[in-house]
Each structure stands twice: as structure tokens, then as C-alpha cells.
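Trainee: attaching a predicted model along with its sequence, questions to come.
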Amino acid sequence: MSNDVLSKMDSNYNLLENVTNKKYAKKILVRFLVGIKANNKETDYDTIFEELSKNDMVSEIAKYALVCSCQQNEELRYPSFVELKEQLLKNNIATNEVIDYLFDNKDLLIRIINDFVELRYDSKEKIKIDYNIKDNEIKRFISGLDSDKEVEEKKSLLGRINNIVFNRSRFDVISNKQVKINRKKYSLGNNMFAFVEKGEQLFYQEDAVLLLEHPNNRNFKMIAVADGDSSKIGGSDASNYTLNKLLRWFESRSSSYFDNIEEIQDSLEKELKKINNRLSNDSNIGATTIALAIVGKTKTLILTIGDSKILLVKDNKIIDETNDDSYVQRLCDQGLVDPKRAKFHKTIDYLMNELGAITEQEVFSKNVRIVPNNYDKLLALTDGVTRLVDNNKIETILKNNENGKVVDELVKASKEDVYIDEIDLYSNNVIKANCNNSTAALYVKRR
């Protein structure tokens with residue numbers, strides 16, 4: 001193995017190839033870098049470890065080794081730590097070249113990692129470390145590893161890790177677990193909540209939901225629901241694939257869009273077109289609706305395709321809502337169907353557009369709206385909720401429940417049949433419960 005191979009490796013696991021205690025080294029590095037407690041049994045160390053860059057790990061370990069090399073306590077001055085200090089001084093390594101030097105000296109790097117693992121977690125007694133370093137040359141190296149760029153990268157890293165550790169909806173979408181469960185409640189922080197439940201008469205969970213905070217700005221948020229088309233093969237794959245791609249897209253956008261939400265629209269439309277093309281050209285993946293909102297500093301971008309909805313709420317009253325992208329909605333717009341009877345119409349399941357089956361390319365721009373943040377709550381709902389729970393009932397649930405319970409109650413309310421007294425040739429007299437998957441997501445704006 002050549003000396004520069006570490007810098008070319010794609011997987012972090014290769015960094016531990018020659019580490020003696022490989023079984024625990026991964027957890028040790030994750031705990032050290034991001035401060036996760038050892039007794040956190042739900043921590044997904046594999047996913048977090050892959051999020052870390054080798055620069056993140058080597059930078060922090062190098063700083064720790066240099067600090068230990070200057071300690072009075074001999075138990076802390078491991079040979080590899082002392083060798084690193086001596087080699088940096090002997091070879092006149094620049095402060096911004098320490099990481100590159102270690103990548104070029106693989107054997108020394110591996111010994112440092114081994115000693116780090118042993119010192120951090122194999123020692124029977126916790127040894128105190130004095131971080132007040134008096135050696136100016138070593139302080140210079142440590143400062144170089146703590147450059148402004150390194151600090152910004154660490155902040156971004158911790159934002160990503162926060163999403164992994166505490167955001168279960170994100171993890172379930174990435175791991176494709178969400179579409180395999182019957183029912184689950186999600187929350188993120190104290191102002192984002194979601195509940196997803198499979199219809200009792202359905203074989204598959206085809207709904208997916210995502211609550212997301214931008215890794216560099218926790219106030220920059222995205223909330224989304226997707227409802228896979230059960231009439232096509234691969235509906236659950238389509239909904240999960242769509243949210244997975246949107247997740248990656250959102251997290252890779254600049255956090256500067258938070259201040260200028262209008263500027264993200266073009267990028268979003270391009271991403272949705274890519275998703276639509278993939279779904280359209282892959283016979284193993286079906287089609288899906290999408291309803292999403294991206295919350296900026298003063299404005300919110302809303303987009304819906306299909307019959308999933310976004311509702312804006314103020315003082316527990318619905319002040320705005322998106323229209324279905326459906327055939328019956330077109331009939332309502334033309335005055336041919338009473339909107340109050342639309343959900344009973346026999347063509348209610350016929351969608352004009354959905355991702356993977358777009359018939360009108362202008363839908364990507366036509367169905368986007370940017371609204372001022374003059375609401376206090378935002379709901380994203382699939383049709384499993386909106387068909388069975390009318391707006392009056394939604395407002396009652398909002399009024400009578402704490403924020404964290406609203407989504408539970410909305411899904412619960414969708415489990416009762418809904419009837420209409422008068423029917424005609426084009427209408428059914430009942431909407432049967434449990435024939436659809438039901439998903440509700442809520443964002444509560446902080447005052």
C-alpha cells in the first residue's frame with residue numbers, strides 16, 4: 001500500500017484497516033468528534049462514521065496527540081504522539097500541512113490512531129489533561145488545525161451529525177425503512193412533528209414523510225410528504241426515492257438561500273425534473289405525489305404535485321391551502337362540480353400529474369408558490385387524511401390539542417368512514433376509511 005493511498009480512499013473504513021482495535025475504534029472516533037454519550041444505544045454509528053471526513057478525524061486526533069506530547073505525565077506521552085511532534089519540528093512542516101503530512105506517513109498515522117484508542121478508552125483510570133500548552137511551536141500547529149475553515153467545516157459536520165442522531169425521519173428515508181413500517185411518530189426539535197400509518201386494507205406502506213433542518217442553519221427547514229401511486233408497481237419505492245433525493249439536494253444547498261428563498265426555486269425545479277425522469281424511465285419504480293415546504297427567514301416556498309396538500313394556519317384557522325392536481329379539481333375550477341362534493345366524485349383518484357407520470361412540463365413552475373411567513377403553523381397532508389378529515393375538523397383538532405399531538409389526532413380522525421346524503425350519477429355516497437395510507441406533518445413557527 002503506497003503512502004498516499006489514504007488520501008485517495010473513498011470509505012472511512014479503510015482508514016481503520018490496520019487499527020488493532022477495529023471493533024471499537026469507529027465508536028470511539030464518533031464519540032470523540034461529536035460528543036455522543038457511550039450509553040446512547042440508538043446511535044447509528046455506521047451512518048455517522050461515513051458522514052465524517054478523514055480530515056475531520058485526523059485533524060482532531062492530531063491536535064489531541066500534540067497536546068498529550070507536551071504533558072508532564074509520562075502516561076500521556078505515547079511514543080507516536082512524541083514522534084509526531086518531533087517530526088513536525090524536524091521537517092519544518094507548515095501549520096497548514098500537518099494533515100497532509102500524516103496522510104503521507106501512513107504508518108505513523110495508524111500508530112497514532114491505535115494509541116489514541118488505547119488512551120481514550122482502554123485506560124482504567126481517567127487521566128486529566130492540561131490543555132494550557134506553553135510550547136509556542138506546538139501551539140502554532142494546533143492553531144493551524146483550528147483554522148477558520150476547519151471551524152466552519154466542523155460546524156457543518158455537527159449540523160449533519162445532529163440530523164443523523166436526532167432525526168429519525170431522515171434516517172428512515174435514507175435506509176428505506178419508512179415504507180416498511182405500519183405506523184410511526186416522528187419529531188424534530190420541539191416544532192416539527194409527523195405521523196404515518198398504513199391503511200388496514202393495503203398491503204404496502206406507500207407514504208413517506210421527511211422533517212429536515214439544514215446542517216448549517218437549523219432555522220432553515222424543509223417538510224415534505226409523498227404518496228406513492230398504489231395503482232402502479234413500485235409506488236413505495238417512488239415516494240421513498242423522491243424524498244431521499246430531495247433530502248440530499250436540500251442539505252447540499254447553500255444556507256444563504258435562507259435569506260433569499262426565491263433563489264432556490266430554479267434549483268428545486270431542476271431537481272424535480274431529474275427525479276421525474278428517473279421515475280419515468282425505470283420500470284421498477286412507480287409514481288408519487290409530493291407536497292413540500294421550504295421555510296426561509298421571511299418567506300416559505302410551497303410546492304405540490306398530485307393530491308397531497310399544504311395548509312397554512314393562523315390562530316388555528318386555515319388561511320390558505322393548495323389545490324389538488326387532479327381531474328376533479330379541474331372540474332371544480334370550471335364550475336362543473338361543487339367543491340364540497342368533489343371528494344365523493346367517482347374520478348377522485350384520477351391525477352393530472354404526479355412525479356413519474358408528468359403530463360404537463362409547466363407543472364414544475366406552475367405548482368410553486370412563495371408566501372410570506374404570516375402563518376403560525378403549516379401542515380403537509382396526504383390524501384389519506386384530507387379525503388376523510390374536512391377543514392372544520394382539522395381546525396378543531398388544531399384548537400383542542402397540543403402541537404405534538406395534532407398529527408396523531410389527524411391520522412386517527414382519518415380512520416372513520418365519511419358519508420354524504422345526496423348522491424348523483426357521478427358520486428359515491430361514502431368514502432371508506434383505511435383504504436389509503438395516512439400521513440400528517442406539522443411545522444410550528446417559533447414566535
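Mentor: Alright, I've got the coordinates. Given the structure is predicted, the values throughout are model-derived calculations rather than measurements. Numbering: from 1, shown residues only.

Trainee: next helix or strand past the helix or strand that contains residue 280?
Mentor: Using DSSP states H and E, the element containing residue 280 is helix 265-281. Next helix or strand after helix 265-281 toward the C-terminus (DSSP H and E): strand 290-295.

Trainee: which outside residues touch that next one?
Mentor: 219-226, 242, 246, 250, 261, 264, 268, 272, 300-306, 308-310, 322, 355, 373, 378, 380-382, 443, 445 (C-beta atoms under 8 Å, 6 or more residues apart in numbering). All C-beta atoms are positioned from the backbone trio N, CA, C, and that covers glycine.

Trainee: may I have the strands that pair with that strand, each with its orientation?
Mentor: strand 217-227 (antiparallel), strand 299-305 (antiparallel) (DSSP bridges).

Trainee: list the buried residues for the helix holding residue 280?
Mentor: 265, 268-269, 271-272, 275-276, 278-279 (16 or more other C-beta atoms under 10 Å).

Trainee: now those residues as a markdown table including distance to residue 363?
Mentor: As requested, these are exported to a markdown table (distance: C-beta to C-beta, whole Å):
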| residue | distance to residue 363 |
| --- | --- |
| 265 | 14 |
| 268 | 13 |
| 269 | 10 |
| 271 | 14 |
| 272 | 9 |
| 275 | 13 |
| 276 | 9 |
| 278 | 17 |
| 279 | 14 |
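
Trainee: domain assignment for the protein?
Mentor: The chain breaks down into these domains under automatic domain parsing: 5-155, 167-444.

Trainee: looking at these, which is buried most?
Mentor: Most buried of the domains of the chain by mean neighbour count (mean count of other C-beta atoms under 10 Å) is domain 167-444; its value is a mean of 19.

Trainee: report pLDDT for residue 290.
Mentor: On pLDDT, residue 290 comes in at 94.

Trainee: one step back: so can I have TSV of the strands paired with strand 290-295 showing distance to residue 27 and mean pLDDT?
Mentor: Output for those, formatted as TSV (distance: least, C-beta to C-beta, whole Å; pLDDT from 0 to 100):
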stretch	distance to residue 27	mean pLDDT
strand 217-227	26	92
strand 299-305	39	95
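
Trainee: what's the closest of those to residue 181?
Mentor: strand 217-227 (15.0 Å; C-beta to C-beta).

Trainee: now the closest one - C-alpha only, CSV.
Mentor: Presented in CSV, the C-alpha positions along strand 217-227 are these (Å, rounded to 0.1, in the frame of the first residue of the first chain):
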residue,chain,number,x,y,z
ASN,A,217,-28.8,26.7,9.8
ARG,A,218,-31.3,24.9,12.0
ASN,A,219,-33.9,27.6,11.2
PHE,A,220,-33.8,26.7,7.5
LYS,A,221,-36.2,23.8,7.3
MET,A,222,-37.9,21.5,4.8
ILE,A,223,-41.1,19.5,5.5
ALA,A,224,-42.4,17.0,2.9
VAL,A,225,-44.8,14.2,2.4
ALA,A,226,-45.0,11.8,-0.6
ASP,A,227,-47.8,9.4,-1.5
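
Trainee: the closest residue to residue 101 other than its chain neighbours: what secondary structure?
Mentor: With sequence-adjacent residues excluded and distances taken as C-beta to C-beta, 6 or more residues apart in numbering, residue 101 is closest to residue 93, at 5.2 Å. Per DSSP: H, G, I helix; E, B strand; the rest coil, the secondary structure class of residue 93 is coil.
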